[in-house]
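all I have is the shape, not the residue letters:
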């Protein structure tokens, strides 16, 4: 269902006006300590605690015993057991029946590995895996060095809970060939940038929340890369199941689903404002989402791309792709893809068309939109039967729907556009749609509209009302349009130009509403 999205704006932070007084002090020598990780196995819980030195530790489940774990210190890291003074390079603990909890401390470069068993079978947790991800830590789940094997390295039978509790550092989380039966919640709420890679993994979302992936990032540049045929959800998802929920703060963000990834449920991506020279980028490339996809961007430039993907594919529980952008230059592109429940793009969701940055929408060859739109869409702002709704702003807006002679774009329903002021351009070539509706948004505004329809079939209705300046409307290359009584083309105020090729049907399109025939 298309609807105007009300985004809750984050409160801005201000810096006090008092100047800071700089003071230079001599540096004290720092005693470099040996990195030590204490291993605790009290009460069936396995806890790993670092001493705030650059620790590196590896964990694996013992062979033929799901409740025993081998822990090894790497690159000079030593281990202690339950706080004892004795140190060792490796130890094995038994009777672990609860959570595995990891807190290596607030030191950039702390690294945690959870890998397969010595015999190559998957390691397995008895309950949740809980990681405190502080101060630039690196967490590797599964063997990140083996890129050829696609078998599961790690099974988390409970939830995967990763939390940054302090520090504004760039944190790295790699989830490779890992199956999570419960929920996966990654909270980088303490600030700083982050990079999360999910490769060839299965995140079920079978916990109490429930959610297959919930990612919370504060201000900073955040990257989520999904690849390697990863799966979110368990196949038969309940109605309105939000499988992937991504909340990014201010700063540039990059979210990518690729590599034949599948989402059994809906996806929501909420990005804050970008900073200068940054951009919010959302990409679906060779991916499938059975539910709806909603992308909300704050102020700043954005880019959304759908390539060789299928979104909203479930016949009864699917949903549309909805994109809500605030102030900034916004670009959407789609090719060789299907968006079965419809596409909505608002390029100035907060200000209602008063942004002046402009937008670009590119629907390229092999695209199919809205095959189920008669079920999905309602008002406002779209109306029942809209397969595709595009709202521009007061900048230059470009809509380019461009197929080729062998591969037309198909829009199953109505294409509706409201592009507001400035110089707007619509090019529709080698396409088929049920109806076309174009509205300048505010009659008499400062519009200069250019519309081209080429080698296109429009079956039911055309309602085109151009803006208040000098406009151009052209229909060429054998386009077939509905009967004259279903066509309304009005150039509006200004000196407007009209052209129709002789092979276009019908032979009259309302040329009387234009000042010049070209």
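Great, that's in hand. For clarity, every value in this text was computed on a predicted model and none was experimentally measured.

what about residue 146, neighbour count?
14 (other Cβ atoms under 10 Å). Heads up, the C-betas are built off the backbone N, CA and C, glycines and all.

swap in residue 513?
Other residues close to residue 513 by other Cβ under 10 Å number 17.

low pLDDT regions in this structure?
Counting by pLDDT under 70, the chain has low-confidence residues at 1-32, 135, 166-168, 190-192, 350-354, 373-385, 442-446.

quick one, helices of it?
Assigned by DSSP state H, the chain shows helices spanning 373-376.

stretch 184-203: which residues count as buried?
184-188, 190-203 (16 or more other Cβ atoms under 10 Å).

revised request: answer the last question for stretch 47-60.
Of all the residues in stretch 47-60, those buried under the rule 16+ other Cβ under 10 Å are 47-60.

check the residues you listed and tell me the two furthest apart.
Pairwise distances across the buried residues of stretch 47-60 (Cβ to Cβ) peak at 24.8 Å, for the pair 52 and 60.

coming back round to it: quick one: the buried residues of stretch 47-60 as a markdown table, columns for distance to residue 429 too.
A markdown table is the format used below for the buried residues of stretch 47-60 (distance: Cβ to Cβ, whole Å):
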| residue | distance to residue 429 |
| --- | --- |
| 47 | 63 |
| 48 | 60 |
| 49 | 63 |
| 50 | 61 |
| 51 | 65 |
| 52 | 62 |
| 53 | 63 |
| 54 | 58 |
| 55 | 60 |
| 56 | 57 |
| 57 | 59 |
| 58 | 57 |
| 59 | 57 |
| 60 | 58 |
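
which ones among those are found in strands?
Among these, the members found in strands (DSSP state E) are 47, 48, 49, 50, 56, 57, 58, 59, 60.

once you drop chain neighbours, what's closest to the second one?
When you say that, I think you mean residue 48. Nearest non-adjacent residue to residue 48, counting by Cβ to Cβ, 6 or more residues apart in numbering: residue 102, 4.9 Å away.

just to revisit the earlier point, among the buried residues of stretch 184-203, which are in strands?
In this view, those that belong to strands under DSSP E are 184-188, 194-199, 202-203.

wait, residue 488 sits on residue 464?
Yes: under the criterion of Cβ atoms under 8 Å, residue 488 makes contact with residue 464 at 7.0 Å.

so which of those two has more stuff around it?
It is residue 464, of residue 488 and residue 464, that has more neighbours when counted by other Cβ under 10 Å, with 25 against 15.

which strand residues bridge that one?
residue 438, residue 489 (DSSP bridges).

got the contact list for it?
Listed by Cβ atoms under 8 Å, 6 or more residues apart in numbering, the contact set of residue 464 reads 436, 437, 438, 451, 473, 488, 489, 490.

the nearest residue to residue 119 once chain neighbours are set aside and residue 114, how far apart?
Nearest-residue entry for residue 119: residue 63, 5.1 Å, with adjacent residues in sequence omitted and distances by Cβ to Cβ, 6+ apart. Distance of residue 63 to residue 114, computed by Cβ to Cβ, to the nearest Å: 16 Å.

show me which of the two is the more surrounded one.
Ranked by neighbour count (other Cβ under 10 Å), residue 63 and residue 114 place residue 114 first, with 26 against 12.

distance between stretch 155-165 and the chain's centre?
21 Å (Cα atoms, centre = their mean, to the nearest Å).

list of residues touching that stretch?
Here stretch 155-165 has contacts from 99, 122-134, 139, 141, 171, 173, 175, 178-190, 192, 194, 203, 207, using Cβ under 8 Å, 6+ apart.

do that again at 7 Å, thanks
122, 124-134, 139, 171, 173, 178-190, 207 (Cβ atoms under 7 Å, 6 or more residues apart in numbering).

one more: stretch 289-300?
5, 7, 241, 243, 263-274, 278-280, 282, 304, 311-314, 317-328, 341.
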